[in-house]
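Novice: quick one, what's the 3D model for this:
(one chain, ligands or ions: 1)
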Amino acid sequence: MCLQGDEADSKEKYDKEKLLALETSTSTSESKLIQNRLLQKLWWSDENLAYLLEDGLQSKGLSHPEENIQSHDEGWGSCIVQSLEEIKMHKPKEFNFSGIRTERSHGMWMVIKEEQQETHMRTSPFSVAEVGGDEERGVRSGLLGDEKKGCFKWTEMDESDGCFMVCNKETPKETDSKQIFGCELSSMSADNLDSTQSPSPFSLLLSTSPLPKSQEFIYDNPLLPPLLPERAAFLSWPPNVLSSVQLCCQTCGFPSVSCGLTELPPCLYFLSDSGKNTACGSACLPECLVDHKYEKRQQAFKMSSGKTILVTGGAGYIGSHSVIELIDAGYDIVVIDNLVNASMESVRRVEKIVGKQIPSYNVDLLNKPALEEIFKKHKISAVIHFAGLKAVGESCELPLLYYKTNVGGTTNLLEVMEANGVFNLVFSSSATVYGTPQFLPLTEDHPVGSCTNPYGKSKYMIEQILQDISSSNKKWNIVILRYFNPVGSHKSGTIGEDPQGIPNNLMPYIAQVAVGRREFLSVYGSDYDTPDGTAGVRDYIHVVDLAQGHVAAVRKLDEQCGLKIYNLGTGQGYSVLDMVKAFEKASGKKIAYKLVDRRPGDVASCFSDPALAAKELGWTAKKGLDEMCEDLWRWQSQNPQGFKTVKN
Ligand SMILES: CC(=O)N[C@H]1[C@@H](OP(=O)(O)OP(=O)(O)OC[C@H]2O[C@@H](n3ccc(=O)[nH]c3=O)[C@H](O)[C@@H]2O)O[C@H](CO)[C@H](O)[C@@H]1O
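Specialist: Take a look at the predicted model:
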């Protein structure tokens, strides 16, 4: 029996017949299996009819029901083979063939070994992408196959609908869809499959029930390494019908095509308002989505330095990014944060990124007993001290709050450290301590202290305190890092800068204009002595580069370094309008701006000489302006309201 796409054959009627056929099947166990599979398959919502195409899903060896292929002129099938190793171990005819056609214009077929379907759902040597006649996308598909993976060929299946097939290199190039299909089937067990080939870059995740409109997909398979979150995309498929979800690789250029296979085992969950919901099926973890850093991270866990670093302000922007890099470098981390300007959600998201729980406490540095508790509970080797207030304008209105929080908090911390025999500290200072530059680029020996606001002065005062304790007790190892202008976010787009209220700094403001939270950017001053007249030739540095600078600084402490001071910048200056343009390019959004008066206290230009950090820490910033803007945009567009964003 062959079911056509003709609606005359209702799904229900067909199901009935199918089940009847199964009941009379000779093999009870096979019948059971097939019934189970039928139940699994018949999940499609009404608008997305699925038809089982082959008689009773009985084993037919590899003989494909060609009449079905031919009859499906509006769509076509992809033959997907799972588990290369298994395929090699079995003769083709031991495979049962089952095909499902998922909807009129997008067909999907599957070939799997019935008895072991679950274990087969790991890697897919084949998958098929349909590009719906869009030549450009087709070309991109082709690039993926040949150039990126090197082991796939893309073959145009049908000029009229512009379908492309990914298959093994050995598969004949020029042939029609029927032949390709046949060939692919016969290559299931064929020796021409190269066992080193990469799995498919795609997989299709089919829900066992219609997915809710609001959802957050969570890939969560303990058997497989984590996804590269920045690459993975979950798309509903077929488009606009939320009954299946496609996991695909954005980097490979596949934001919108359907492809791949399949079903169980469950490893994808989706969240709805009611919490974690039923599992979706998943086929394989595409190679290009595997987070290989994970293996390194596992390695790092194994070769853990055994050192625990206390990160104050670890829920904040720079702190959270640094925690990731430190964990990657093999350190154990304890986070404390008073959450005045941060949220524990960022720590939860960092935990997801690193695949590890991080002890984290809502503790204020002014609460000395609580701080002492932390030092009792954890064997701290070093402290990275980010915590503090940082809004320049606010510091002018509330100077005492700034001195108490920043300076008082730091002295508390230093006392507790000393009392517990911890003499290793990395301090988060700022280029603001240089005040108005007397020369550029700024080197570490540039005069400091001429800061015009309490925030800047508090940083300067802390630097002075650190100099003094270092002179008083040689046990102290202190690295002071003077940051230039950190921007960007982690590649995943799941953590980033989340200013409360109206952003003071340029880039968060621009990002909020792009996302529609602010109407326009006020460019403060257009009469400066800079190439485009705008102020703010600044040294923007990617926050991940900055975070890596902290790893280098922690390593420096091991050298019993005494007190050291380093600039963390790129050495490259960009104006406000440079930044506007770069962000427009990265986001594809127009940034409305108005030229307004100067902002009091702004200097025209400020950029670093980062040579000392390169020489003594072995650290340099690597990421350029485009990457900073792209990463910032990923964070902002995925989280328009920052960590408060509710996923729809
Ligand atoms: C005076 C001041 O606040 N200094 C702080 C600010 O330095 P910066 O002034 O270097 O950073 P910023 O991001 O506030 O401003 C960068 C440039 O953009 C300009 N701009 C900024 C915002 C805006 O809405 N429109 C606009 O034109 C601003 O005039 C400046 O020329 O941030 C640094 C961290 O990143 C330090 O914390 C500095 O202490």
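Novice: ramachandran coordinates for the closest residue to the ligand within the stretch 251-400 of the chain?
Specialist: Of all residues in the stretch 251-400 of the chain, Val392 sits closest to the ligand, at 3.7 Å by Cβ to the nearest ligand atom. All C-beta spots, glycine's among them, are computed from the backbone N, C-alpha and C. Dihedral pair for Val392: phi -60, psi -50, per degrees, to the nearest 10.
Novice: tell me how many other residues surround it.
Specialist: Applying other Cβ atoms under 10 Å, we find 20 other residues in the vicinity of Val392.
Novice: could I get the pLDDT score of it?
Specialist: You'll see Val392 listed with a pLDDT of 90.
Novice: what is the closest residue in space to Gly549 that isn't next to it in sequence paired to in the beta sheet?
Specialist: In space, and not counting its chain neighbours, Gly549 is closest to Leu568: 4.5 Å by Cβ to Cβ, 6 or more residues apart in numbering. Counting by DSSP bridges, Leu568 is bridged to Tyr483.
Novice: so Leu568 is in contact with Val479, correct?
Specialist: No. Look at Leu568 against Val479 with Cβ atoms under 8 Å: they stay out of range, at 10.5 Å.
Novice: show me what contacts the closest residue to Leu481 other than its chain neighbours?
Specialist: Spatial nearest neighbour of Leu481, chain neighbours left out: Leu568 (5.2 Å); criterion: Cβ to Cβ, 6+ apart. By Cβ atoms under 8 Å, 6 or more residues apart in numbering, the contact set of Leu568 is 481-484, 541, 545-546, 549, 608, 610, 613, 619, 621.
Novice: try 10 Å this time
Specialist: When contacts are counted by Cβ atoms under 10 Å, 6 or more residues apart in numbering, Leu568 touches 318, 428-431, 481-484, 486, 539, 541, 545-550, 552-553, 608, 610, 613, 617, 619-621.
Novice: does the residue of the stretch 251-400 of the chain closest to the ligand touch Pro454 like I think?
Specialist: Yes. Counting by Cβ atoms under 10 Å, Pro454 is a contact partner of Val392 at 8.6 Å.
Novice: now for these two: what residues contact both?
Specialist: Any residue near both Val392 and Pro454 by Cβ under 10 Å, 6+ apart counts here, and that gives Tyr402.
Novice: tell me the mean pLDDT for stretch 581-599?
Specialist: 94.
Novice: what is the end-to-end distance of it?
Specialist: 21 Å (Cα to Cα, to the nearest Å).
Novice: how about it: buried residues?
Specialist: For stretch 581-599, burial by neighbour count (16 or more other Cβ atoms under 10 Å) applies to Ala582, Phe583, Ala586, Ser587, Lys589, Ile591, Tyr593.
Novice: let me have those residues in a markdown table, adding distance to Tyr509 as columns.
Specialist: Shown next, in a markdown table, are the buried residues of stretch 581-599 (distance: Cβ to Cβ, whole Å):
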| residue | distance to Tyr509 |
| --- | --- |
| Ala582 | 14 |
| Phe583 | 10 |
| Ala586 | 15 |
| Ser587 | 14 |
| Lys589 | 14 |
| Ile591 | 10 |
| Tyr593 | 10 |
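Novice: closest to Asn505 out of the residues you listed?
Specialist: Closest approach between these and Asn505, by Cβ to Cβ: Phe583, at 13.1 Å.
Novice: residues in contact with the closest one?
Specialist: Applying Cβ under 10 Å, 6+ apart, the residues near Phe583 are 487, 506-507, 510-511, 513-514, 521, 589, 591, 625-626, 628-630, 632-633, 636.
Novice: in helices, which of those residues fall?
Specialist: The helices, defined by DSSP state H, take in 506-507, 510-511, 513-514, 625-626, 628-630, 632-633, 636 from these.
Novice: pull the most distant pair out of those.
Specialist: Val513 and Asp626 (18.7 Å).
Novice: these two: who's more crowded?
Specialist: When Val513 and Asp626 are compared for neighbours, Val513 comes out ahead with 23 against 12, by other Cβ under 10 Å.
Novice: any idea how far the residue in the stretch 451-600 of the chain that the ligand sits nearest to is from Asp529?
Specialist: Per Cβ to the nearest ligand atom, Gly536 is where the stretch 451-600 of the chain lies closest to the ligand, at 2.1 Å. Separation of Gly536 from Asp529 (Cβ to Cβ, to the nearest Å) stands at 12 Å.
Novice: higher neighbour count, these two?
Specialist: Each of Gly536 and Asp529 has its neighbours counted (other Cβ under 10 Å); Gly536 has more, 25 against 9.
Novice: which bits of the stretch 501-648 of the chain sit near the ligand?
Specialist: When proximity is defined as Cβ under 6 Å from any ligand atom, the stretch 501-648 of the chain approaches the ligand at 504-506, 509, 521-524, 535-536, 538, 576, 599, 601-602.
Novice: one more pass at 8 Å, please.
Specialist: Within the stretch 501-648 of the chain, the positions adjacent to the ligand are 503-507, 509-510, 521-525, 534-538, 576, 579, 598-599, 601-604, 606 by Cβ under 8 Å from any ligand atom.
Novice: repeat for the stretch 51-200 of the chain
Specialist: Within the stretch 51-200 of the chain, no position is near the ligand by Cβ under 8 Å from any ligand atom.
Novice: give me the neighbour count for Asn412.
Specialist: 17.
Novice: also the one 5 residues further on?
Specialist: Per other Cβ under 10 Å, the neighbour tally for Met417 reads 22.
Novice: in which helix or strand does it reside?
Specialist: Using DSSP states H and E, Met417 falls within helix 409-419.
Novice: could you look up the SS state of Ala387?
Specialist: coil (DSSP: H, G, I helix; E, B strand; the rest coil).
Novice: mind starting the numbering at 33 from now?
Specialist: Got it, the first residue is 33 from now on, which makes the last one we talked about Ala419.
Novice: nearest spatial neighbour of it, chain-adjacent residues omitted?
Specialist: Counting by Cβ to Cβ, 6+ apart, Ala419 lies nearest to Gly345, which is 3.4 Å off, once chain neighbours are set aside.
Novice: can you pull the contacts of that neighbour?
Specialist: Counting by Cβ under 10 Å, 6+ apart, Gly345 touches 351-352, 354, 367-370, 372-374, 397, 416-420, 422, 441, 460.
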